[in-house]
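>>> What follows is a predicted protein model with its sequence.
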Amino acid sequence: MIQELLDRRLDMWEKYCVYSCFVVPKGFSLPKADKSDGTSMDVDVLLDKDLDADKEATELRSELQLLEKQSVLSYECAKDAEDCSRAA
């Protein structure tokens with residue numbers, strides 16, 4: 001009995017999601033697929049883009065770490081210079 005109630009409610013929720021949440025807005029459409037190339041080419045292109053994105057993300061993380069180190073060093077240098085000027 002409880003399972004039937006849950007199933008009914010889940011079914012209503014699924015219908016709501018399908019008809020309300022996942023509706024493509026009017027005026028939007030998917031680009032026409034080129035039937036001559038097949039889908040394997042599309043998958044390869046997507047995988048290449050994914051690998052490029054991963055590579056770029058790794059490079060950006062490295063650059064961010066380098067900038068953070070430079071920022072810390074710059075702050076420490078400024079702090080040391082300030083301490084020296086106070087001592088003089």
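That came through, no problem.
>>> Any regions of the chain where pLDDT drops low?
The model of the chain has pLDDT under 70 over residues 30, 33-42, 88.
>>> which helix of it spans the most residues?
Assignment by DSSP state H gives helix 39-87 as the longest helix of the chain.
>>> in what helix or strand does residue 15 lie?
Assigned by DSSP states H and E, residue 15 belongs to helix 2-16.
>>> Run the chain-centre distance for that helix.
32 Å (Cα atoms, centre = their mean, to the nearest Å).
>>> Next, the residues that contact that helix from outside, please.
Outside of helix 2-16, no residue comes within contact range by Cβ atoms under 8 Å, 6 or more residues apart in numbering. For every residue, glycine as well, the C-beta is placed using N, CA and C.
>>> Please provide the alpha-carbon coordinates for it, formatted as PDB.
Output of helix 2-16 as PDB, limited to C-alpha atoms (Å, rounded to 0.1, in the frame of the first residue of the first chain):
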ATOM      1  CA  ILE A   2       2.700   2.500   0.900                       C
ATOM      2  CA  GLN A   3       4.700   1.400  -2.100                       C
ATOM      3  CA  GLU A   4       1.700   2.000  -4.400                       C
ATOM      4  CA  LEU A   5       1.300   5.500  -2.900                       C
ATOM      5  CA  LEU A   6       5.000   6.300  -3.400                       C
ATOM      6  CA  ASP A   7       4.900   4.900  -6.900                       C
ATOM      7  CA  ARG A   8       1.900   7.100  -7.800                       C
ATOM      8  CA  ARG A   9       3.600  10.200  -6.300                       C
ATOM      9  CA  LEU A  10       6.800   9.500  -8.100                       C
ATOM     10  CA  ASP A  11       4.900   9.000 -11.400                       C
ATOM     11  CA  MET A  12       3.200  12.300 -10.900                       C
ATOM     12  CA  TRP A  13       6.600  14.000 -10.200                       C
ATOM     13  CA  GLU A  14       8.200  12.400 -13.300                       C
ATOM     14  CA  LYS A  15       5.300  13.700 -15.400                       C
ATOM     15  CA  TYR A  16       5.700  17.100 -13.900                       C
END
